[in-house]
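# this one's structure only:
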């Protein structure tokens, strides 16, 4: 089949996305426990995944273009392939549908994980503010704080 290479590229992309979705689901526990080393490791792994994803998308794009050229098509759409190779186009369409579904699930998990990250950041900031509050009268150099200076200035007027 002419579309075999494109189907293989799409399936490899799908498998990479499926693995990433599972990884993203596991991030929730890391945010709950505030496991900083694991979160930083996960961020590095995600960066590597983004590079791999770009390479896989490029390979898929090239294989679709090569298949279209071999079949004498001007378009790389599934409908164009279906007119010349219905079985391969059907398999390709199924794989692309799974890719869209996984990409959507990953985007939703990313939104949730970003929300959890912002919430964890607020918790940590609140904790730091509680254990190291800003001075109310003087800063560490013995100077009055800006808020305290305004109060003094306004009371002298």
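Done, it's in. These numbers come from a predicted model, not from an experiment.

# ok now do residue 70, which residues does it touch?
residue 2 (CB atoms under 8 Å, 6 or more residues apart in numbering). C-beta coordinates here come from the backbone N, C-alpha and C atoms, glycine included.

# so how far is the helix or strand encompassing residue 129 off the chain centroid?
Element membership for residue 129 (DSSP states H and E) is helix 86-131. How far helix 86-131 lies from its chain's middle: 6 Å, per CA atoms, centre = their mean, to the nearest Å.

# helices or strands next to that helix in the packing?
On a contact count with 3 or more CB pairs under 8 Å, 6 or more residues apart in numbering; DSSP states H and E, helix 86-131 meets helix 4-33, helix 78-84.

# Taking helix 4-33 as reference, get the angle to it.
Relative orientation of helix 86-131 and helix 4-33, computed by axes from the mean of the first three to the mean of the last three CA atoms, to 10 degrees: 20 degrees.

# what about residue 61, how many residues close to it?
13 (other CB atoms under 10 Å).

# how close does the residue nearest to the spatial centre of the chain get to residue 27?
Among the residues of the chain, the one closest to the centroid is residue 110, at 5.2 Å (CA atoms, centre = their mean). The spacing between residue 110 and residue 27, counted by CB to CB, to the nearest Å, is 9 Å.

# And residue 42, by the same measure?
For residue 42, the distance to residue 27 - CB to CB - is 6 Å.
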